[in-house]
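Peer 1: coords please:
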Amino acid sequence: MSKLKDIIEEGSIEMYLNTDISIVKWSLQEEGVDIEKEGKQIEQFVKRIKFTNKAQAHSKNTTELINKLVLQFSEGIEKNLEKPISTIKRLIAEKEMQVQFRNLDNLTPEEIKEIIKGKNLVDLMDELDNDDSDKI
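Peer 2: As a prediction, this is how the structure comes out:
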């Protein structure tokens, strides 16, 4: 039952996020809220909800992209592909982590995430995708 409640709550939030602010204000006024007095707080609250919603969507996309990159790096190292190996070595050198990650075969997904942290994930993905045919 709590999953249903969460779905309904998410739907309600989504409805208010996509509804014109005047409709929201009218709805609040119908409930007895003094719009003139609370108007600035209402607008700030709506902005905060919209920002939080965008941040959550962005976070989900970023997590998915990181996981995809980790998989590509892991598979590239496993298959001994030149492009992923050279890219990961470059990232390790840039972060001055050479001692910590000498043996690429033993890198865990968490270590790969640490290596790519702070880098432009889309650029890394493009870099790996541009040369998928580097098979040795």
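Peer 1: Within the helices and strands, which one has the spatially most central residue of the chain?
Peer 2: The centre of the chain sits closest to Thr62, judged by C-alpha atoms, centre = their mean, with a distance of 2.3 Å. Remark: Thr62 resides in helix 35-78, with elements defined by DSSP states H and E.
Peer 1: chain center to the next helix or strand after that helix, what's the gap?
Peer 2: Per DSSP H and E, the first helix or strand lying C-terminal to helix 35-78 is helix 82-94. Remark: helix 82-94 is offset 23 Å from the chain centroid, using C-alpha atoms, centre = their mean, to the nearest Å.
Peer 1: Does anything pack onto helix 82-94? Which helices or strands?
Peer 2: helix 35-78, helix 109-116, helix 121-130 (3 or more C-beta pairs under 8 Å, 6 or more residues apart in numbering; DSSP states H and E). Where you see a C-beta, it was placed from the backbone N, CA and C, and this is true even at glycine.
Peer 1: So for Glu96, which of those helices sits nearest?
Peer 2: Nearest to Glu96, of all those, is helix 109-116, at 11.5 Å by C-beta to C-beta.
Peer 1: same for the closest one, what does it pack against?
Peer 2: Counting by 3+ C-beta pairs under 8 Å, 6+ apart, helix 109-116 packs on helix 35-78, helix 82-94.
Peer 1: Tell me the buried residues in the last one?
Peer 2: Counting neighbours by 16 or more other C-beta atoms under 10 Å, one finds that the buried residues in helix 82-94 are Lys83, Pro84, Ile85, Thr87, Ile88, Leu91, Ile92.
Peer 1: between those, which is nearest Asp105?
Peer 2: Ile85 (10.3 Å).
Peer 1: Break this protein into its domains for me.
Peer 2: 2-62, 65-130 (automatic domain parsing).
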